[in-house]
Structure formats: C-alpha cells, structure tokens
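structure for this input, please:
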Amino acid sequence: MRVVIERVLVSVALLALWQFLPAIGLGDRFFISSPVAVVSLIWEWIASGDLAENVWITAQEALLGLVIGSVLGAVFGLACGLNNAISRALLPLMTVGNALPRLAFAPLLIAWFGFGLSSKVVLAASVVFFFIFFGVYSGIRSGSGLLVANARILGGRGLALLWHVHLPQAIGWIVAGLRLAVGYAFAAAVIGEYLGSDSGLGYLIVYGKEMLDMTQVFAGLAVVMTIVGCLDVVLRRVGTLARR
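Predicted structure coming up:
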C-alpha cells in the first residue's frame, strides 16, 4: 500500500509541475500543453467514440503481432534451448538479427505489405519475436541440469519433460520477455501508423503533430502509455501466480 501511495504522490507532483510550469515562465503552453487540456481532449474522444475506434485498430495490430511473434519466438527458442545443434546453427543469426534496428525496416514493410493491417502486424511481430525467443532460450538454458537429469532418470520424456521441468524453470524469463514485448508491440504498431495510416493511435499522434496540436500528441501518447501500463500490471500478476 505504501508503494502505491508513493507512486500516486510522485505522479501528482509531476502532473502539477507540468500544469503550472508555464505560469512561472518555464515553458510555453503551446508546445507542452497541460494535463487538464490532455484529459479534456481524451474525454472528448471517449464521448465521440473516436477513442474506442482508434484504440481498437492499434490494439488489433499490436495484439496480432504479439501473438504471432510470441508463437514463432517460443518455437525457435525452445528448439535452440533444447537442441545444441540447432542452437549452434541459429543462435548467431538470432543475435545479429536482434542487433538490427527493426523499426528502421518499417518503410520497407509498408512498401511490401501496403498501408493496411498487415504491415503493422508484421512489424510488431518482428519486434516481439526476439524478446520471446531470447526469453525462452535463456530460461531453458539457465535451468538446473541436475533437475532435468533426475527427471529423465525417473522416465520424463518429450512433452511431459517440457511441461513439468523446462517450462516451470523458464517461466520467469518468459514473463519478463513478454512484459517487454507488449510495450514494444504497441510501439511498433504506432510507428507503423506514423508512416502510413488513416486511423489508429499513431495516426492521431501524427495528425496532432502536423496540425501543431501538442495537446493531441500528448493525449495519444497518454492513451498508449495507459494501455501498456495496464497490460504490464496484468502480466506481472500472471507471472507471480505462475511462479507459485
């Protein structure tokens, strides 16, 4: 409870500072807007239905990318974690691929897949893939070899060994990777919308920038941060329950 109170107090202090900075000459309201204006605009979006419509579009892109990237990342992570030959062949490629600035490929994805849903989903999936891959791979490899050996002596094989030994040992790594992946999936979807879209939260932010409406930019960012924060809380709780 104390932690919650401390976080609320810090948030309130920062919002108050943001609200009153221009009054003491330390900022221009035109460029930094204000919390009151941002909340007012978000309320207008809620009342008009614009918020639900645009959130749904971005959420589809991010969540589809999250699911596809997570499944592929988990499959390749398990393959490399459980098989040394596959690991030796693929791990260097994965390391190099992870070092590439994947968001820089967004213009190419727009050119290949168009301005619709597909390009944003592929971009989000490509970002999520590496978080999940390395989470699963590291979780499997960091597990107790003695526990695995004992399970095999007792007859553990195949899916039973994976389900009862490998995955419980890796769950912390997997949840940590998933928590990062959620935020980056939404970031990738929004960036895809920056580059070409007529709807979604990224479109709202870009439109605000083009109209020099900083309130709209901050409102769009606030909505994205709120969604990602709520999902992170859920995943943190899931991770806590899974480790019990």
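
give me the below-cutoff pLDDT ranges for the chain.
1, 3, 25, 27, 103, 143-170, 239-244 (pLDDT under 70).

moving C-terminal of the longest helix seen in the chain, what's the next helix or strand?
The single longest helix within the chain, with elements called by DSSP state H, is helix 50-82. Sequence order places helix 84-99 as the next helix or strand after helix 50-82, per DSSP states H and E.

ok, back up a step: buried residues, the longest helix of the chain. List them.
51, 54-55, 57-59, 61-66, 68-70, 72-74, 76-82 (16 or more other Cβ atoms under 10 Å). No exception for glycine: its C-beta is placed from N, CA and C like everyone else's.

just checking, what packs against it?
The helices and strands touching helix 50-82, judged by 3 or more Cβ pairs under 8 Å, 6 or more residues apart in numbering; DSSP states H and E, are helix 35-48, helix 84-99, helix 117-141, helix 167-195, helix 201-210, helix 214-242.

deepest of those helices, which one?
helix 117-141 (a mean of 24; mean count of other Cβ atoms under 10 Å).

tell me what that one is packed against?
helix 50-82, helix 84-99, helix 106-113, helix 167-195.

can you rerun that using 6 Å?
helix 50-82, helix 106-113, helix 167-195 (3 or more Cβ pairs under 6 Å, 6 or more residues apart in numbering; DSSP states H and E).

need the ones you listed in JSON lines (columns: distance to M225).
Shown next, in JSON lines, are the helices and strands packed on helix 117-141 (distance: least, Cβ to Cβ, whole Å):
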{"stretch": "helix 50-82", "distance to M225": "13"}
{"stretch": "helix 106-113", "distance to M225": "21"}
{"stretch": "helix 167-195", "distance to M225": "9"}
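
and of the ones you listed, who's closest to R7?
Nearest to R7 among the helices and strands packed on helix 117-141 is helix 167-195; the distance by Cβ to Cβ comes to 17.5 Å.

relative to C230, which of the helices and strands packed on helix 117-141 is closest?
Of these, nearest to C230 by Cβ to Cβ is helix 167-195, at 10.0 Å.

next one: that closest one to chain centre, how far?
4 Å (Cα atoms, centre = their mean, to the nearest Å).

do the same with stretch 212-219
Taking mean C-alpha positions (Cα atoms, centre = their mean), stretch 212-219 and its chain are 22 Å apart.

dump stretch 52-59 to CSV, keeping only the CA atoms.
What follows is stretch 52-59, C-alpha atoms only, in CSV (Å, rounded to 0.1, in the frame of the first residue of the first chain):
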residue,chain,number,x,y,z
ALA,A,52,-12.6,3.3,-28.9
GLU,A,53,-12.4,3.1,-32.7
ASN,A,54,-8.7,4.1,-32.8
VAL,A,55,-7.7,2.1,-29.8
TRP,A,56,-9.3,-1.0,-31.3
ILE,A,57,-7.4,-0.6,-34.6
THR,A,58,-4.0,-0.2,-32.9
ALA,A,59,-4.8,-3.0,-30.4
